[in-house]
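*Asks:* Could you work out the structure for the sequence below:
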Amino acid sequence: MRKKEIAEKIRLILDELYPAPPIPLRHEDSYTLLIAVLLSAQCTDVRVNQITPKLFQKANTPQDMVKLSIADIEDIIRPCGLAPRKSKAIWELSQILIEKYAGQVPHTFEELEALPGVGHKTASVVMSQAFKISAFPVDTHIHRCAKRWGLTQGKTVVQTEKDLKKLFASKYWNRLHLQIIYFAREYCQARGHHAAQCPICSWVGPKMDCS
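*Replies:* The predicted structure is shown next:
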């Protein structure tokens, strides 16, 4: 079976399991999504969702966020880890949004990635989930599954993203990003994974590397 045929079968399985996957990070708009994704770096979505209501109760707009001190933000987000760096980035990007974008989150990769604390993956999540622009954010879950399924040999998430974009039509990218994350957490975990019990690895294994 060719790689594209395997990719299509995987897509159909994911569509059946997760026909309408919800965005896992709680948010109200593009700004709060941006902040939530920034906080999720090296932190679980569950933890972020516990912290953001406390933060957004005090400030859910750039204008309100810059009224807080960096120390105030740091105190709230400390359980998310990397609090000194993240709090500084949140305050600084909020100030930039006010000064340069009239308090709005920009709609391009270039502008988003120029903001403090915003890398390509964060920008991709905002573009796909807030603005519905085709993007394929690749996190450790997606990177792991794509390698197990033989869809990439990439050693970095950057290469994995390129390989997946070649295999799947762009109209599927936004949904697939979420579907694979949910699948990875439920069936294809990093540890304790049993290929024979996995709805995808159980059949893709003999055809591809599903180690």
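*Asks:* The closest residue in space to P84 that isn't next to it in sequence is in what secondary structure piece?
*Replies:* Closest residue to P84 apart from its sequence neighbours, by C-beta to C-beta, 6 or more residues apart in numbering: E74 at 6.1 Å. Any C-beta I mention is one placed from the backbone N, CA and C, and that applies to glycine too. Using DSSP states H and E, E74 sits in helix 70-77.
*Asks:* Now do the buried residues in that helix.
*Replies:* I70, D72, I73, E74, I76, I77 (16 or more other C-beta atoms under 10 Å).
*Asks:* And for stretch 135-152?
*Replies:* By neighbour count on 16+ other C-beta under 10 Å, the buried set for stretch 135-152 is 135-139, 141-152.
*Asks:* Name the residue closest to the centre of the protein, please.
*Replies:* In the chain, the residue lying closest to the centroid (C-alpha atoms, centre = their mean) is V125, at 5.1 Å.
*Asks:* Enumerate every residue touching that residue.
*Replies:* Contacts for V125 (C-beta atoms under 8 Å, 6 or more residues apart in numbering) come out as L33, V37, A135, P137, H177.
*Asks:* What strand or helix carries it?
*Replies:* V125 belongs to helix 120-129 when elements are defined using DSSP H and E.
*Asks:* now that helix, how far from the centre of its chain.
*Replies:* 7 Å (C-alpha atoms, centre = their mean, to the nearest Å).
*Asks:* OK, contacts around H107?
*Replies:* M127, F131, I133.
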